[in-house]
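[1] Just to be clear, the model below is a prediction. Sequence and coordinates:
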Protein chains: 2
Amino acid sequence: MRWWGWGDAQHTPTLGPRSLATLSDLVGLATRPRPAVALSHVQIAPSRLDRRTLAGFVEILGQHGVRTDHHARVTHAAGKSYPDLVRMRAGEPQGAPDAVLYPSSEQQLGLILERCQRDSLALVPFGGGTSVVGGLAALTGEHSGLVSLDLGGLAEVARIDRESLILTVGAGMRAVAAERHLARDGLTLGHFPQSFEYVSLGGCAATRSAGQSSTGYGRFEELVQGVRLIAPAGVIALPGHPASAAGPDLRQLLIGSEGVLGVISQLELRVRPAPQQQSFEGVFFEDFASGRTALRELAQEHAAPAITRLSDEAETRISLALAGGGTLKRRFSEFYLAARGYRGGCLAILGHQGSSEQLPAQRRRALEIMRSHGGLPVGETPGRSWAAQRFSAPYLRDELLTHGVMVETLETATRWSNLGHVHREVGAAIAGALGHPRSPTLVLCHVSHLYETGASLYFTIITRQREGAELEQWHELKRAAAEAILANGATITHHHAVGVDHARWLAGEIGQQGVQALRALKSQLDPAGIMNPGKLLV
Amino acid sequence: MRWWGWGDAQHTPTLGPRSLATLSDLVGLATRPRPAVALSHVQIAPSRLDRRTLAGFVEILGQHGVRTDHHARVTHAAGKSYPDLVRMRAGEPQGAPDAVLYPSSEQQLGLILERCQRDSLALVPFGGGTSVVGGLAALTGEHSGLVSLDLGGLAEVARIDRESLILTVGAGMRAVAAERHLARDGLTLGHFPQSFEYVSLGGCAATRSAGQSSTGYGRFEELVQGVRLIAPAGVIALPGHPASAAGPDLRQLLIGSEGVLGVISQLELRVRPAPQQQSFEGVFFEDFASGRTALRELAQEHAAPAITRLSDEAETRISLALAGGGTLKRRFSEFYLAARGYRGGCLAILGHQGSSEQLPAQRRRALEIMRSHGGLPVGETPGRSWAAQRFSAPYLRDELLTHGVMVETLETATRWSNLGHVHREVGAAIAGALGHPRSPTLVLCHVSHLYETGASLYFTIITRQREGAELEQWHELKRAAAEAILANGATITHHHAVGVDHARWLAGEIGQQGVQALRALKSQLDPAGIMNPGKLLV
């Protein structure tokens, strides 16, 4: 993974000259490209670890398990949040780990935690490195040093129980590797976040990940049957029973703990037969409200396809503009004309998955519901084009940053009866925050992740970077959005997690007593406070 | 509710002379009936509360909100576990609350907790009074007195959000009252535990209840969207978002907390459109293993009806014997003959629910799966007769106790690949425990509550009571079953909860570190340890 941005260095740019011209018209571009500095120019302080401490780690992990070189420290200095990228591209990370450690067993993990507790070294568990909320920020807290714990070596498949559909696997395994492994048995986890190509399974568990197919397969916490956590105080091993009434569900305490209680080392995960077929359907609605009603009915009748998304008017307009002409645009225009008098139009994408017997009936039922709310089917193209690009937004973000354009995403969820209200209020708050000084701003949104009781809203914000004040600009945006989300009864995060970026609003969601309860648990499991300080609980 | 047993005093006995004769043959009956003592003969110590303390409660609740009379104290002295009933029928409860308090607002609740904390009085939250694991035992711990907190007055429907399908309701509301209320809007919670006629919603949340339709509607913890807990340390109010990644899911710590952290005062619960139609189907399998395979396929293909049960050979044989003759028995015999050479037969009951359009396809698909594993459909009779008796087992237990027959149930869950093994091992452990001194024992079992990864096993044990040593006999049974369950990788309880009866095995399931984590949480929320001492965490 690129140290200053997303993905594979070989990845070719996605923004053609036409799209850049459109963006220039819409929000403006920097007068000249602003690339990242060279790796060697990234400024990090010398490692604070003395020879004795390093030798101690080498004793546990061997020579290859301990790295203090510039490359290792820089690549483990941050995740992929907007502030992370702004800082890294400028060569000025907030800090960097004094060493990167590569354990390959739970026993080594336990010994590392013991050593860090003794020497007052803070630890950042590092899975795929994809956090977009500052979950990997190199914060030392009150400790004397900081190590990054790269979990890539804890990636063994311990067992696939085909009868019970349970995969037991090391938490460091990448989602993409797990899918490859499962595919041999015709199985899938069905978990495809935008970060799919890099994310680790432990990271998905630690952050309550949701993926693009989670309407069908469930959020990551619903996939977790069993979990092992290595904490400074000891090991918590929670068995993967299908269900239990043996007191509070501690699994749901470890899931979402973001590395502040300990290190998730192993997971038992539900798997499913891989779908035989997949089909996409684009549907246009006259407006966002009727599309939302159709999606609500899909969810409440258990008829929602695994992938279900609905863009608002602004997101629909911009994606069409950036996607260029062709059949889809023509169909859209015809529809637009036919339905004279409405101000835009909203594109929904339905991605059905299943067996060849099930699929036709599923599609039929979903389309019936779409049509009963004025939905106009427009064929497979929009869905196919979404699918082709489904993991490429992070690359696009890097390209836009090079052109001086800020692109940030944030997400929330609320009940159906509150969804339209939250969409309006949060959208207005974002636009308001970025309106001073005046700069054209795009605030795009889609509904995804349907539940019987509600859905998520995923906002994308595109505007010119305020040069020299990029982080202030972002903070204003973040504050305005988070405050509007809380004031209007929605969650501060539906699937990005808390990290550093949302931590100050956690008490607004779960209350001071809720935060105190989590602190008490942390004191029990991590009495010295070495685990990922500055995240989640601050 | 009868103070010495289950339900309405007007309920007519269910055991006819024929069934009693069958039981007499199978396990034997007491030589003469052993009814419960009269209420006035129940021995409880005088209330330990002084006049000042009582006046303090009256100040908060008014004269009618504080009771210290014999009837109130006896009816709140225990739940409905086997040891509870043995003790109550003998007029010798373990203890009794010194007063019963009836708050009708969260504010009153908060004041009561404050007062109890100050005066070192233990509290037992009391909902429907139906615990079968000692969750309501009158244990004072190290405190100077004990009050029972009857939550029947916290039963207001605050809101029904029809669009989002969420009911906001006081936790003291009975499930049966909630269903009546929801029926006016064509809605249902779909939660029907055997205790349905008495159980409170707060009790269902505090104990991770599962009901007879939970294969279709989900366990109670899946219905809980939001929850409010009044703890001695303050209020935790967790909002009912459809989903969130804002750290650990604290809701899942309050659910299942069995009154030891605080009092659940309000719930936001998912509701569903009430099913238009219901249909039952009985299916015979040659053996338990093929029936289990069919059920597994139902669950993993998402084709399981809301109600799905499969009795093992012993349970099938006994239910047919007790149900008497008629069509079903004839069909069974025909099948038995036709399939010559197998040793018994297992009855499955499928209860489909849904709209008139959905139901036929659902039934067809389920029957296809049943047939592909050798299942023989035998019509509606077994299902209808199960449905007619679905809430009557607790009445039957009382009648059997009068005849000197112990009937106890216990349940577990495990993954599909382990289900047959756990069935054998736990069954053998139970039979072994009750085999000395030699007494004929029936060990019956059914699978219910299907999940993609596994299912529950529900054991019913019927044997002659060891007169004068009823509790010792029960303890031997309980120990043997719990140890076999843990040794074979299953959960100590799938839906009965922990209470007193399972508390000593909790660490065997979640480990010492898991128990320590819960203790830390309790210390934070209930620093004086007044909440339901002796339950869950001991």
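    On my side now, so go ahead. Numbers count the residues shown, from 1 in each chain, chains lettered A, B, ... in the order given.
[2] could you pull out the strands for the stretch 251-400 of chain A?
    Here the stretch 251-400 of chain A has its strands, by DSSP state E, counting those that start in this stretch, at A:263-270, A:272-273, A:277-285, A:307-311, A:346-354, A:376-379.
[3] could I get the ones you listed as TSV with mean pLDDT?
    TSV is the format used below for the strands of the stretch 251-400 of chain A (pLDDT from 0 to 100):
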stretch	mean pLDDT
strand A:263-270	98
strand A:272-273	96
strand A:277-285	94
strand A:307-311	97
strand A:346-354	95
strand A:376-379	92
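[4] Can you say which of those is nearest to chain B?
    Closest of the strands of the stretch 251-400 of chain A to chain B is strand A:263-270, at 5.8 Å (criterion: CB to the nearest CB). For the C-beta atoms, the positions are set from N, CA and C on the backbone; glycine is no exception.
[5] tell me the phi and psi of the nearest residue to A:H181 once chain neighbours are set aside?
    Nearest non-adjacent residue to A:H181, counting by CB to CB, 6 or more residues apart in numbering or on different chains: A:V157, 5.7 Å away. Dihedral angles of A:V157 (phi, psi; degrees, to the nearest 10) stand at phi -80, psi 110.
[6] is it true that A:V157 touches A:V169?
    Yes. At 5.3 Å, A:V157 and A:V169 qualify as touching, with contact defined as CB atoms under 8 Å.
[7] so what sits against both of these two?
    Shared contacts of A:V157 and A:V169 (CB atoms under 8 Å, 6 or more residues apart in numbering or on different chains): A:A178.
[8] Tell me which of these two has more neighbours.
    Neighbour comparison, A:V157 and A:V169: the larger count goes to A:V169, with 26 against 14 (by other CB atoms under 10 Å in any protein chain shown).
[9] beta partners of that one?
    A:V157, A:L267 (DSSP bridges).
[10] Can you give me every residue that contacts it?
    Residues in contact with A:V169 (CB under 8 Å, 6+ apart) are A:155-158, A:178, A:201, A:266-267, A:269.
[11] quick one, strands of the stretch 101-250 of chain A?
    A:121-126, A:145-150, A:157-161, A:166-170, A:187-188, A:224-231, A:234-238.
[12] And the buried ones among the contacts of A:V169, selectable in ChimeraX?
    Applying 16 or more other CB atoms under 10 Å in any protein chain shown to the contacts of A:V169, the buried members can be selected in ChimeraX as follows:
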select /A:155,178,201,266,267,269
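[13] what separates A:R504 from chain B, distance-wise?
    According to CB to the nearest CB, to the nearest Å, A:R504 and chain B sit 12 Å apart.
[14] Let me see the confidence value for that residue.
    pLDDT for A:R504: 98.
[15] With adjacent residues omitted, what lies nearest to it?
    Computed as CB to CB, 6+ apart, the closest residue to A:R504 that is not its neighbour in sequence is A:V538, at 6.9 Å.
[16] can you tell me the helix or strand for A:V58?
    Element membership of A:V58 [criterion: DSSP states H and E] is helix A:51-61.
[17] and what of A:T463?
    A:T463 is located in strand A:454-464, with elements delineated by DSSP H and E.
[18] Can you spell out which helices and strands pack onto that strand?
    If you count contacts as 3 or more CB pairs under 8 Å, 6 or more residues apart in numbering or on different chains; DSSP states H and E, strand A:454-464 packs onto helix A:288-300, strand A:405-415, helix A:416-433, strand A:441-450.
[19] Confirm for me that A:W505 is in contact with A:A482.
    Yes. Applying CB under 8 Å as the test, A:W505 and A:A482 come out as touching, 4.8 Å apart.
[20] Which residues of the stretch 51-200 of chain A lie near chain B?
    Taking CB under 8 Å from any CB of the partner chain as the contact definition, the stretch 51-200 of chain A meets chain B at A:161, A:163-166.
[21] now these: which count as buried?
    Using 16+ other CB under 10 Å, the buried members of these are A:161, A:164-166.
[22] Show me which pair in those is furthest apart.
    A:D161 and A:L165 (7.1 Å; CB to CB).
[23] Model confidence for A:R343, exactly?
    Note for A:R343: predicted pLDDT of 55.
[24] swap that for A:G110, please
    Looking at A:G110, its pLDDT stands at 98.
[25] swap in A:L328?
    59.
[26] just A:L320 next, same as before
    Looking at A:L320, its pLDDT stands at 82.
[27] cool, and A:F391?
    pLDDT, A:F391: 89.
[28] I'd like to know how far it sits from chain B.
    Separation of A:F391 from chain B (CB to the nearest CB) stands at 20 Å.
[29] Which residues are in contact with that residue?
    A:F391 makes contact with A:194-197, according to CB under 8 Å, 6+ apart.
[30] could you redo those as TSV and give each row pLDDT and neighbour count?
    As requested, the contacts of A:F391 are exported to TSV (pLDDT from 0 to 100; neighbours: other CB atoms under 10 Å in any protein chain shown):
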residue	pLDDT	neighbour count
A:Q194	95	19
A:S195	95	25
A:F196	96	20
A:E197	94	19
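[31] so which of these comes closest to A:R309?
    Among the contacts of A:F391, A:Q194 lies closest to A:R309 (CB to CB), at 12.4 Å.
[32] Next, the closest residue to A:I44 other than its chain neighbours: phi, psi?
    The shortest distance from A:I44 to any non-neighbouring residue, by CB to CB, 6+ apart, is to A:A96 (4.0 Å). Main-chain dihedrals, A:A96, degrees, to the nearest 10: phi -150, psi 150.
[33] which of the helices and strands packed on strand A:454-464 sits most buried?
    Burial of the helices and strands packed on strand A:454-464 is given as mean neighbour count (mean count of other CB atoms under 10 Å in any protein chain shown); strand A:405-415 ranks first at a mean of 25.
[34] Tell me which other helices or strands it touches.
    Contact analysis of strand A:405-415 by 3+ CB pairs under 8 Å, 6+ apart lists helix A:393-402, helix A:416-433, strand A:454-464, helix A:470-487 as its packing neighbours.
[35] List the pairing partners of it within its sheet, with orientation.
    strand A:454-464 (antiparallel).
[36] same question for the strand it pairs with, mean pLDDT?
    Confidence over strand A:454-464, taken as the mean pLDDT, stands at 97.
[37] Likewise for stretch A:32-51?
    The predicted model assigns stretch A:32-51 a mean pLDDT of 96.
[38] end-to-end on that stretch?
    Stretch A:32-51 has its terminal residues 45 Å apart, counting by CA to CA, to the nearest Å.
[39] helices and strands of chain A: which one has the lowest mean pLDDT?
    Scoring the helices and strands of chain A by mean pLDDT, DSSP states H and E places helix A:327-338 at the bottom, with a mean of 55.
[40] ok, which residues in the stretch 201-350 of chain A are in contact with chain B?
    Proximity of the stretch 201-350 of chain A to chain B is confined to A:207-210, A:219, A:221, A:225, A:231, A:233-258, A:270, A:272-273, A:296, A:300 under the rule CB under 8 Å from any CB.
[41] Looking at chain A, which helix is longest?
    If you go by DSSP state H, chain A has its longest helix at helix A:506-525.
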